[in-house]
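Undergrad: fold the following, please.
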Amino acid sequence: MSESVASSSASAVMSGRARVTKRRVAVGLLIAAIGLPSIAWAPAFDLLVLAIGLACIYELNALCEIKGQELEYPIAVLGVFAYIVLASLNRLQKWEGVLLAGVTIAAFSIGMYGDQRGYFARTAYTLLAVLYIGKLLTYLVFLRNVPGVGAAWTVFALLCIAMTDIFGMLIGNRFGRRQLTRISPKKTVEGSVGALLAVSALAAIASTYVPLGLTLWQAVALAAATNIGAQAGDLVESALKRDVGVKDTGTAIVGHGGFLDRFDSYLFGGTVFFASLHILGLLSVR
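TA: Below you'll find the model as predicted:
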């Protein structure tokens with residue numbers, strides 16, 4: 001009898017995981033169907049990135065509130081907004097020093113009028129949040145605005161990141177046995193390595209797409225680096241949630257949690273992709 005009950009419980013758990021996986025994949029594909037067409041027109045893509053950035057900073061502020069020290073929220077919002085808008089206008093390189101100095105001075109100055117006990121943490125969180133969300137998202141904007149190949153490279157980068165999440169989940173759920181890290185108990189070594197191999201294989205196929213202008217080894221190298229960056233971004237966000245003691249950053253996206261839950265891998269993945277273009281000599285220094 002006990003074996004039958006245990007078997008039924010195991011089957012129920014597996015069935016529940018399958019439903020969650022299908023829902024996550026379906027919602028992920030829906031998001032891709034909405035987001036990918038915006039790449040065709042750079043201003044539309046920049047607006048999408050801005051909307052994602054503002055949603056993420058809102059959720060990050062909520063995490064900080066749970067932690068006990070909220071951000072200097074207006075400063076954080078203005079900082080993220082300015083970073084993405086200046087990148088979109090191709091003016092960030094000229095004005096970033098002024099922007100960062102302004103955010104720093106504003107955060108420390110306005111923070112003095114709040115609760116003095118949390119002054120240091122509040123200002124530090126604000127500066128970190130602007131860089132984590134605002135600064136890292138600018139690399140997706142820069143990528144899209146690369147003349148000629150920007151749109152193709154952006155699609156390639158976003159697909160690499162999306163497939164990292166999808167294959168990591170599918171392979172991990174099916175074959176995962178060894179825990180990757182205590183930070184995120186559901187992540188497995190098998191899922192991580194499987195995602196890396198699957199994305200690299202897809203990149204090898206994508207290298208035959210002429211508009212990308214990539215050789216086989218360049219495409220695979222970009223995909224592998226982006227895959228690792230995306231996984232790191234996911235783990236960093238998991239560490240933030242574990243520190244706060246929450247499962248998700250929000251409930252805005254069915255099957256994924258909040259915006260930060262869904263786009264955490266894009267923050268690091270997009271940055272690593274852009275950096276890898278420089279390392280491979282495919283893009284000159286901006």
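
Undergrad: where does pLDDT dip in the stretch 151-286 of the chain?
TA: Confidence mapping of the stretch 151-286 of the chain against pLDDT under 70 gives the ranges 251-256, 285-286.

Undergrad: do you have the strands of it handy? List them.
TA: Read by DSSP state E, counting those that start in this stretch, the stretch 151-286 of the chain holds no strands at all.

Undergrad: ok, and the closest non-adjacent residue to Gly118?
TA: For Gly118, ignoring the flanking residues on the chain, the nearest one in space by Cβ to Cβ, 6 or more residues apart in numbering is Gln69 at 4.5 Å. Backbone N, C-alpha and C define where each C-beta goes, glycine included.

Undergrad: what's the neighbour count on that neighbour?
TA: Residue neighbour count, defined by other Cβ atoms under 10 Å, stands at 19 for Gln69.

Undergrad: and it, how close does it get to Val103?
TA: Distance, Gln69 to Val103, using Cβ to Cβ, to the nearest Å: 17 Å.

Undergrad: what's the answer for Gly111, then?
TA: From Gly111 to Val103 the distance is 12 Å (Cβ to Cβ).

Undergrad: please identify which of the two sits among more neighbours.
TA: Higher neighbour count among Gly111 and Val103: Val103, with 24 against 21, using other Cβ under 10 Å.

Undergrad: tell me, what's touching Gly111 and Val103 both at once?
TA: Residues touching both Gly111 and Val103 (Cβ atoms under 8 Å, 6 or more residues apart in numbering): Thr126.

Undergrad: pretty sure Ala195 contacts Gln231?
TA: Yes: contact criterion Cβ atoms under 8 Å: Ala195 and Gln231 qualify, at 7.2 Å.

Undergrad: find residues that contact each of these two.
TA: Common neighbours of Ala195 and Gln231, using Cβ under 8 Å, 6+ apart, are Thr164, Gly168.
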